[in-house]
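1. Take this sequence and fold it.
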Amino acid sequence: MTTKPAASIGALLPRGPGHQFVFYGDSCSGIAGAPHEKTFASVNAIIRRLDPRPEFVLFLGDEIAGLSANPNALRAQWHHWLDQEMGWLDRQAIPLWNCTSNHTTYDSMSEAVFAEMLGHLPRNGPPGQEGLSYWVRRGDLLLVFVHTAWSGLGGEGHVETVWLRDVLHRHRDARHKLVVGHHPVHAINGFSGAYQREIGPEHAGAFWDTLVDGGVLAYLCSHILAFDVQVHRGVLQICTAGAGTAHRMPEGVEYLHCVQAALDDRGLRYQVLDVDGTVRERLSWPLQSPGLSTWAALSPGTSTASFTGRLDADRIVGFRFKGHAAATGEGTAQTLFCGHDLEGNTPIWIGLRGVDQRLTVIIGPEARRSPHYWHGPAIAPDSSFDLTLLVHTGMGPGGLLLRAGNDEKWSSLAAASAWGAERLAWPTCWGVGSGAKGPKDQPFRGTGLAVSFCS
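-> Model (predicted):
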């Protein structure tokens with residue numbers, strides 16, 4: 001009996017000249033017969049079905065279980081990972097570029113083993129990080145790999161930025177710039193903790209400033225066992241850590257996966273593939289939604305909703321809020337917009353909360369379950385504001401996006417959720433300037449509130 005070959009999976013292709021590739025991370029394998037060998041193989045099986053094949057592959061760290069004081073044990077794991085588990089990949093035809101990480105480069109010994117075992121990686125990094133940090137140029141694409149656990153700065157969660165800024169400056173002619181590192185900068189799914197879960201605070205600000213100033217499109221990272229996308233000041237942070245460690249992923253929320261992507265003159269598109277080959281998440285960036293050019297004003301008070309129910313996976317709904325903030329420091333909630341039903345249940349609320357009048361979005365898709373919160377900037381008392389908020393159902397918790405005035409750079413609101421507006425069923429009534437129970441319910445205390453929307 002012969003086994004029917006698995007069907008091919010169509011890869012996203014550039015819309016004209018460009019690049020198409022795969023990135024994934026965190027298999028924590030390298031040990032024959034261990035559980036992660038099987039789960040990692042299930043993810044690799046999906047990549048092997050892609051048609052056409054990727055032009056190159058990025059692995060974002062934690063290839064092997066590592067964390068051993070014995071250099072020979074590390075070498076053995078690397079040999080198994082490279083020669084057996086990744087033996088299917090023709091690395092002469094399809095380059096494989098790896099990133100340092102907490103399981104593989106946790107002290108000077110393991111850093112030396114990494115550089116030795118991955119001797120094909122460029123040695124163009126900063127002094128002391130040869131073979132650990134490096135850059136690759138492929139035509140109009142610049143890839144920069146940073147070491148977010150460098151022993152020379154303090155270990156896990158530490159990264160330098162001077163060399164990174166210089167590389168980005170020297171390659172400022174590159175149309176596409178991607179920076180690759182293991183640790184996130186911005187917290188994912190509420191799993192926050194300096195150094196252990198994301199880059200330490202003394203580096204994070206300067207690091208992200210460098211990405212913004214350098215015109216970087218996206219920072220690709222892993223480490224947190226999830227798929228997550230956010231944007232901050234116009235730069236994407238894409239976290240993919242689904243290559244094998246399934247037993248530690250939140251059940252029912254996260255899943256084993258890899259990411260296949262395409263770059264072209266119009267931007268980045270990706271599809272997140274699970275081990276069945278199903279596209280679970282996808283995005284096109286920069287945002288290209290025809291509806292964002294057509295806005296309709298909403299009248300104050302309660303009105304019939306313009307749409308109801310669950311929205312398609314890639315739907316974008318926009319709200320623009322203009323007005324003048326209250327002068328007092330009173331901390332009661334102030335409604336800008338809410339969606340509610342006839343019983344007064346409010347599955348989505350947008351407004352200002354606290355004495356600092358902080359922009360807040362509250363989404364509660366399930367009755368009798370605590371809602372989740374997204375937070376934005378505070379609005380200065382007695383000042384005018386002009387804020388545009390997008391609700392993007394294809395970006396998970398990072399899909400609550402904000403910009404001020406006519407700024408073109410979006411930023412995701414801060415949240416501690418593992419899901420976003422994709423779970424929301426929009427209700428039958430909309431309210432502007434007051435809550436679901438009438439004009440005296442959580443009223444906006446400023447003046448001149450004007451709300452418009454697009455979808």
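2. which residue sits closest to residue 9 in space, ignoring its chain neighbours?
-> residue 49 (4.6 Å; C-beta to C-beta, 6 or more residues apart in numbering). No exception for glycine: its C-beta is placed from N, CA and C like everyone else's.
3. Check the gap between the nearest residue to residue 34 once chain neighbours are set aside and residue 37 for me.
-> Leaving aside its chain neighbours, residue 34 sits nearest to residue 65 (7.4 Å; criterion: C-beta to C-beta, 6+ apart). The gap separating residue 65 from residue 37 is 10 Å, by C-beta to C-beta, to the nearest Å.
4. More neighbours: which of the two?
-> For the pair residue 65 and residue 37, the greater number of neighbours falls to residue 65 (21 against 18), based on other C-beta atoms under 10 Å.
5. what about the host helix or strand of residue 179, average pLDDT?
-> Residue 179 belongs to strand 176-180 when elements are defined using DSSP states H and E. Mean per-residue pLDDT for strand 176-180: 99.
6. which residues sit against it?
-> 19, 23, 58, 60, 97, 99, 140-146, 164, 168, 171, 211, 214-221, 263 (C-beta atoms under 8 Å, 6 or more residues apart in numbering).
7. what lines up beside the strand or helix carrying residue 284 in the sheet?
-> In this assignment (DSSP H and E), residue 284 forms part of strand 279-285. Sheet pairing of strand 279-285 (DSSP bridges) gives strand 267-273 (antiparallel).
8. For the partner strand, the averaged confidence score.
-> pLDDT averaged over strand 267-273 gives 98.
9. secondary structure class for residue 317?
-> Under DSSP: H, G, I helix; E, B strand; the rest coil, residue 317 falls in the strand class.
10. typed the wrong thing, it's residue 418
-> Assignment for residue 418 (three-state DSSP): coil.
11. Now do the same contact list for it.
-> Residue 418 neighbours (C-beta under 8 Å, 6+ apart): 189-190, 226, 250, 253-254, 396-397.
12. and with 6 Å instead?
-> 189, 253 (C-beta atoms under 6 Å, 6 or more residues apart in numbering).
13. And it, how far from residue 158?
-> 27 Å.
14. likewise residue 351?
-> Distance of residue 351 to residue 158, given as C-beta to C-beta: 39 Å.
15. So for the two, which sits in the more crowded spot?
-> Between residue 351 and residue 158, counting by other C-beta under 10 Å, residue 351 is the more crowded of the two (23 against 19).
16. From residue 77, how far out is the more buried one?
-> 52 Å.
17. ok, which stretches of the protein are helices?
-> 35-48, 71-79, 108-117, 162-170, 201-213 (DSSP state H).
18. Generate TSV for the ones you listed, with mean pLDDT and distance to residue 309 as supplementary columns.
-> Converted to TSV, these look like this (pLDDT from 0 to 100; distance: least, C-beta to C-beta, whole Å):
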stretch	mean pLDDT	distance to residue 309
helix 35-48	97	32
helix 71-79	98	50
helix 108-117	98	50
helix 162-170	98	44
helix 201-213	98	37
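19. So which of the ones you listed is nearest residue 124?
-> Among the helices of the chain, helix 162-170 comes nearest to residue 124, with 8.5 Å by C-beta to C-beta.
20. List the contacts of that closest one.
-> 126, 135, 144, 146, 210, 214.
21. need the contact list for the last one.
-> Translated: residue 214. By C-beta under 6 Å, 6+ apart, the neighbours of residue 214 are residue 168.
22. repeat that with 7 Å
-> If you count contacts by C-beta atoms under 7 Å, 6 or more residues apart in numbering, residue 214 has them with 165, 168-169, 177.
23. how much space between it and residue 125?
-> As judged by C-beta to C-beta, residue 214 and residue 125 stand 17 Å apart.
24. Kindly report the same for the fourth one.
-> Note on residue 146: its distance to residue 125, by C-beta to C-beta, is 9 Å.
25. looking at the sheet around the residue most central in space within the chain, what are its partners?
-> By C-alpha atoms, centre = their mean, the mean C-alpha position of the chain lies nearest to residue 229, the distance being 1.9 Å. Beta-bridge partners for residue 229, by DSSP bridges, are residue 238.
26. Identify the residues contacting it.
-> 236, 238, 283, 395-396, 398.
27. Can you list the low-confidence ranges for the stretch 101-250 of the chain?
-> Counting by pLDDT under 70, the stretch 101-250 of the chain contains no low-confidence residues.
28. Would you confirm that residue 335 contacts residue 435?
-> Yes - the pair residue 335 / residue 435 is scored as a contact, 5.0 Å apart, by C-beta atoms under 7 Å.
29. overlap in contacts of these two?
-> residue 442.
30. How about residue 387: what's its closest non-neighbour residue?
-> Leaving aside its sequence neighbours, residue 387 sits nearest to residue 321 (C-beta to C-beta, 6+ apart; 4.9 Å).
31. ok, the one you found to residue 439 distance?
-> From residue 321 over to residue 439 the distance is 18 Å, taken as C-beta to C-beta.
32. Which one's more surrounded, these two?
-> More crowded of residue 321 and residue 439, by other C-beta under 10 Å: residue 321, with 22 against 12.
33. Who is that one paired with across the strands?
-> Here residue 321, judged by DSSP bridges, has bridge partners residue 387, residue 451.
34. Could you tell me how far it is located from residue 178?
-> Applying C-beta to C-beta to residue 321 and residue 178 gives a distance of 34 Å.
35. do residue 412 as well
-> 19 Å.
36. Can you pull the domain assignment for this structure?
-> Domain segmentation of the chain under automatic domain parsing yields 9-285, 290-454.
37. Give me whichever of those is most buried.
-> domain 9-285 (a mean of 19; mean count of other C-beta atoms under 10 Å).
38. gap between it and the chain center?
-> 13 Å (C-alpha atoms, centre = their mean, to the nearest Å).
39. again with stretch 383-401
-> For stretch 383-401, the distance to the chain centre is 15 Å (C-alpha atoms, centre = their mean).
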